[in-house]
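[1] here's my sequence, what's the structure:
(2 chains)
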2 protein chains.
Amino acid sequence: MLVAAREIEALLGEDSVSYDEDDIENHGFSDWSSVNSTSRAVAVVYPRSTDDVVKAAEICHKLRVPIVPYGAGSSVEGNFSSPYSGIVVDVTRMDNILSFHPQDMDVVVQPGVNWVDLNKKMEKEKLFLPLDPSPTATVGGMVSTNCSGTNAFRYGTMKDWVTNVTVVLADGRVIKTRQRPRKTSAGYNLTSLFVGAEGTLGIITEITLKLAVVPNETSVAVVTFPTIFSAASAASRIIRSGIQLAAMELMDEVQMRIVNRHGSEQVRKMNWDETPSLFLKFSSHSKEGIQSDIRGVKELIEQDDNTKFVFAKTKDEEANLWAARKEALWTMTSIKPEGHAIWSTDVAVPISRLAEIIEVSKKDGDKLGVFTSIVGHVGDGNFHEALMYDPKDPAQSAAVKHAVQMMITRALEMEGTVSGEHAIGMGKKQCLMDELGLSTIEVMKQLKTAVDPRWIMNPGKIFDLPKGSAVHA
Amino acid sequence: MLVAAREIEALLGEDSVSYDEDDIENHGFSDWSSVNSTSRAVAVVYPRSTDDVVKAAEICHKLRVPIVPYGAGSSVEGNFSSPYSGIVVDVTRMDNILSFHPQDMDVVVQPGVNWVDLNKKMEKEKLFLPLDPSPTATVGGMVSTNCSGTNAFRYGTMKDWVTNVTVVLADGRVIKTRQRPRKTSAGYNLTSLFVGAEGTLGIITEITLKLAVVPNETSVAVVTFPTIFSAASAASRIIRSGIQLAAMELMDEVQMRIVNRHGSEQVRKMNWDETPSLFLKFSSHSKEGIQSDIRGVKELIEQDDNTKFVFAKTKDEEANLWAARKEALWTMTSIKPEGHAIWSTDVAVPISRLAEIIEVSKKDGDKLGVFTSIVGHVGDGNFHEALMYDPKDPAQSAAVKHAVQMMITRALEMEGTVSGEHAIGMGKKQCLMDELGLSTIEVMKQLKTAVDPRWIMNPGKIFDLPKGSAVHA
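    Predicted coordinates for the structure are as follows:
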């Protein structure tokens, strides 16, 4: 494998390949991952162009060396682990905006572009990419995991915002999946095949993204409920009403307690009720539009007793209200005792089953004596469970593993999915098999083999390698 | 091939296979198609279940006989022609709604379900499938061509409404692409691969569809413009404003003249201005929401001189206003002289180029002396050109062919697509090659070969068969 790295170095230049141990470690291990492989890559390659990636792919293909694409490293299911060693291709130097077409409401970017930066640059044209995964995430990784976040209720997931991708295939061939119109029915939808493929079908080197118009008006409200079940039920009523919120998020009483105690100063001083809460974001092109949405939602929520509606009256208050949701994950990390770990995972179910699965999953966590907290993108039937535990305590580790498995099994029984927005990586391969069954996975593998016959692209992710696979192991 | 039909008949029963010449002709030729093959199938099979389709596929696979899936026969690019003969699988007897989940806002249907019927049945739950292709279309065909229609501006295209599909592959294997949550990032997006694949990858036998909430309030306005360019430019301003209309359609002065003279009685008596017109549909959950949208759009349009805004004041007027748009295609057919043909085709371009391509395409048609009319889904950068001509007149036929080719070439120069919503079929194979290039098409063919190694599924559509293909020809 080192031979491959040296060959790549010869073509791309010395500063494009790193053999540094720390560098390799940082590209192969993550504290945030539900799973990490013990094996590491032999080098990290930093391409600057599609052409650099082509050269790397050609060499790795020839020598049957695994390629593991890497963006920001913010994924959580071992998506960028190197279980078969190989070479990491870190695309973060490919961070140019290639062309911005405000009138067409699209932008062409390299995969290393960070979405927060991108949105800042497009602000003055009142356009944005309406996803919000980890603020560190880069577009290539967002595409490859089909990410989403709090905006998905209104705007959908990453797959809905990718017009085309340019991909370097395993053998170095370059294809562009589509042209630049927002609508097409011309040929197979290869774009959607590469979105969410986690780099197992090729390395994405250019992406055309659709953009949304930044709404003129926004508003935020937080509604507290006596039980998580009543909160999730209210969410269902809102969804069925057809009122288009910008976001609808759920935090349980545990999360509310944590932000009260460990949030940032302006969040702590809001003195939150420590009870299940819905965070609602409204948006519209006009004040009247927002007011009518708010009125509609209030009527729906007031069908419940014992709810309380807190409204942002100023832009500052709006920011403070939403900050509590934003800080949820961060505050959990801040209270994590030294040496403890957080297992954060998600599932999604048909909307009507959400209240039930959330309630039961929380009870399971409590029963097992594991610290469990729930944050949910309830508008999509998608929620995250975070479990905190001491990985050195075998009983606790087993309990956490069991709780996660129970949540997943339950989601499947409800015709749900084992991953709402984190993809499969190494962590959920068996779950995916449980979800879709052998024949569907076999078709995925046939497609994989068709474009990557040597299985060098991010091997060991989504599904296992076929027996007797040629990959250099 | 007849052997295959007889074997299928033995398994499915006599009334499931038709050898009737008229029946075969109706399943292999369409007046509406831009192209038809001269060859016909040997039989039409009418399966009643996934299992029936499996049996037919197994036999055809074994005997290397082409299978051509058929729904309503409303596609226009020769999508259901039988250029290599074979057996037509007509799914219209598979027309059951299998399960309806109003609380999850989804429905599971067989491919032969007609979308208008489906929407009627779901009316009382205030849910609908927000596509509107030909009123005769069935869901299987809508999925296979990735159809859309006037609602796409707000609701997207078919691909955005399919949660999963159950597919019978060429060799009779059955897979289900996904479970039933609205959001997932679990494994390859096989659903999107089958959507728009025109039955070349397998026969879809079950579809889970997402549903939208029927808006409480709707309204319609028609705005007239001095030129088609100013109309398309106003459309661009509306898109960039972020105001979410339900639909935005463009009709040129030719179309307006036709509906004035040949529309239904209630449409004719509206006495339309014969000038380029935008048809706007507003929708919202509340009256205030609609009013604020209307105000916003009015302000944007009034930046132009010489525009006129006609508003529906009653539900009847609303229906009459929209009827003009609805009758566009129908009225054109009604004035078609005996023996004349209509070539109706569409392209889509990045939004900013729409005004230009429409204007130039119209001029081209006029220059060539061909009757040309344009109807556009301008919210998506997608428009239809309909050309009327006498197919027995070689000069006229050549002129029409040339005009269509020029429109397509121009769309490609603008980074557009050769098919916005009619797919490729037999009619646009070369165009697709021009759009995407050889390497991208090669990848599509590799994927096709992976799941249908004998190329029996709807061969000769989207792309040509590989040389030396094993298909029974």
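[2] domains in chain A, by residue range?
    A:2-92, A:97-213, A:217-329, A:336-422 (automatic domain parsing).
[3] and those, which is most packed in?
    domain A:97-213 (a mean of 23; mean count of other CB atoms under 10 Å in any protein chain shown). From N, CA and C alone the C-beta is placed, and that goes for glycine too.
[4] straight-line length of that domain, end to end?
    From its first residue to its last, domain A:97-213 covers 19 Å (CA to CA, to the nearest Å).
[5] residue nearest the centroid of chain A?
    A:Cys147 (3.6 Å; CA atoms, centre = their mean).
[6] what is the three-state secondary structure of that residue?
    When classified by DSSP: H, G, I helix; E, B strand; the rest coil, A:Cys147 comes out as coil.
[7] now do the contacts for the residue nearest to it when sequence neighbours are not counted.
    Of all residues not flanking A:Cys147 in the chain, A:Pro133 sits nearest, at 4.1 Å (CB to CB, 6 or more residues apart in numbering or on different chains). Counting by CB atoms under 8 Å, 6 or more residues apart in numbering or on different chains, A:Pro133 touches A:Ser74, A:Trp115, A:Met142, A:Thr145, A:Cys147, A:Ser148, A:Gly149, A:Glu421.
[8] how about the helices in the stretch 301-450 of chain A?
    Counting by DSSP state H, counting those that start in this stretch, the stretch 301-450 of chain A has helices at residues A:315-326, A:328-335, A:354-367, A:394-413, A:429-436, A:438-451.
[9] and of those, who's closest to A:Thr208?
    A:Thr208 sits nearest to helix A:438-451 of all the helices of the stretch 301-450 of chain A, at 20.6 Å, using CB to CB.
[10] for A:Thr314, grab phi and psi.
    phi -130, psi 170 (degrees, to the nearest 10).
[11] take the contacts of A:Pro133 and write them to CSV, including pLDDT.
    Output for these, formatted as CSV (pLDDT from 0 to 100):
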residue, pLDDT
A:Ser74, 94
A:Trp115, 98
A:Met142, 98
A:Thr145, 98
A:Cys147, 96
A:Ser148, 94
A:Gly149, 90
A:Glu421, 94
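[12] now A:Asn189: closest residue in space, sequence neighbours ignored.
    Per CB to CB, 6+ apart, closest to A:Asn189 is B:Ser192, 4.7 Å.
[13] sorry, wrong one. I was asking about A:Lys210.
    Excluding the flanking residues, the one nearest A:Lys210 by CB to CB, 6+ apart is A:Trp161, at 4.9 Å.
[14] residue contacts, the one you found?
    A:Trp161 neighbours (CB under 8 Å, 6+ apart): A:Leu129, A:Pro130, A:Leu131, A:Tyr155, A:Leu209, A:Lys210, A:Leu211.
[15] tell me the buried residues in the helix or strand of chain A with the lowest mean pLDDT?
    In chain A, no helix or strand scores lower on mean pLDDT, DSSP states H and E than helix A:328-335, which sits at a mean of 81. Buried residues in helix A:328-335, counting neighbours by 16 or more other CB atoms under 10 Å in any protein chain shown, are found at A:Ala328, A:Leu329, A:Thr331, A:Met332.
[16] what angle sits between that helix and helix A:315-326?
    60 degrees (axes from the mean of the first three to the mean of the last three CA atoms, to 10 degrees).
[17] and helix A:328-335, what does it pack against?
    Counting contacts by 3 or more CB pairs under 8 Å, 6 or more residues apart in numbering or on different chains; DSSP states H and E, helix A:328-335 is packed against helix A:253-262, strand A:341-348, strand A:371-377, strand A:382-389.
[18] and the shortest one, which strands flank it?
    Right, strand A:371-377. Using DSSP bridges, strand A:371-377 pairs in its sheet with strand A:247-251 (antiparallel), strand A:382-389 (antiparallel).
[19] so for the shortest one, mean pLDDT?
    For strand A:247-251, the mean pLDDT works out to 94.
[20] tell me how far it lies from the chain's centre.
    The chain centre lies 16 Å from the centre of strand A:247-251; the measure is CA atoms, centre = their mean, to the nearest Å.
[21] show residues contacting that strand.
    Applying CB under 8 Å, 6+ apart, the contact partners of strand A:247-251 are A:150-151, A:153-154, A:228, A:231-232, A:235, A:238-239, A:259, A:276-281, A:324-325, A:328, A:358, A:374-379, A:383.
[22] which one is A:Met426 nearest to, not counting chain neighbours?
    A:Gly78 (3.6 Å).
[23] helix or strand: which one has that neighbour?
    Taking DSSP states H and E as the definition, A:Gly78 sits outside all helices and strands.
[24] so what's it up against?
    A:Gly78 makes contact with A:Ser30, A:Ser33, A:Ser34, A:Val35, A:Asn36, A:Ser37, A:Gly425, A:Met426, A:Gly427, A:Lys461, according to CB under 8 Å, 6+ apart.
[25] of the residues you listed, which belong to helices?
    Residues of the contacts of A:Gly78 located in helices (DSSP state H): none.
[26] and A:Val35, what's its pLDDT?
    On pLDDT, A:Val35 comes in at 91.
[27] surely it and A:Ile424 touch.
    No - when contacts are counted by CB atoms under 8 Å, A:Val35 is not listed as touching A:Ile424 (11.0 Å).
[28] mind listing the shared neighbours of those two?
    Common contacts of A:Val35 and A:Ile424 (CB under 8 Å, 6+ apart): A:Glu77.
[29] so where do the helices sit in the stretch 51-200 of chain A?
    Counting by DSSP H, counting those that start in this stretch, the helices of the stretch 51-200 of chain A are A:115-122, A:139-144, A:152-155, A:190-194.
[30] which residues does the longest one contact?
    Yep, that's helix A:115-122 we're talking about. A:97, A:100, A:102, A:107, A:109, A:128-129, A:131-133, A:135, A:137-139, A:142, A:211.
[31] could you rerun that using 10 Å?
    Applying CB atoms under 10 Å, 6 or more residues apart in numbering or on different chains, the set of residues contacting helix A:115-122 from outside is A:72, A:95, A:97, A:100, A:102, A:105, A:107, A:109, A:113-114, A:127-139, A:141-142, A:147, A:149, A:209, A:211, A:214.
[32] for the third one, same thing?
    In this structure, residues lying in contact with helix A:152-155 by CB under 10 Å, 6+ apart are A:128-132, A:148-149, A:158, A:160-161, A:210, A:212, A:215, A:235, A:238-239, A:244-249, A:281, A:283, A:377-382, A:420-421, B:182-183.
[33] of the buried residues of helix A:328-335, closest to B:Thr224?
    The nearest member of these to B:Thr224, counting by CB to CB, is A:Ala328 at 52.3 Å.
[34] what's near enough to touch that closest one?
    Residues counted as contacts of A:Ala328 (CB under 10 Å, 6+ apart) are A:249, A:251, A:255-256, A:258-259, A:263, A:279, A:373-375, A:384, A:386.
[35] circling back: farthest pair in the contacts of A:Gly78?
    Going by CB to CB, the pair spanning these furthest: A:Ser30 and A:Lys461, at 14.1 Å.
[36] the stretch 201-350 of chain A against chain B: which residues are in contact?
    A:201-202, A:208, A:212-216, A:236, A:239-244, A:283-293, A:295-296, A:346-350 (CB under 10 Å from any CB of the partner chain).
[37] for the contacts of A:Trp161, which one is nearest B:Asp316?
    Proximity of the contacts of A:Trp161 to B:Asp316 was ranked by CB to CB; the top entry is A:Tyr155 with 35.9 Å.
[38] how near is that closest one to A:Phe371?
    According to CB to CB, to the nearest Å, A:Tyr155 stands 32 Å off from A:Phe371.
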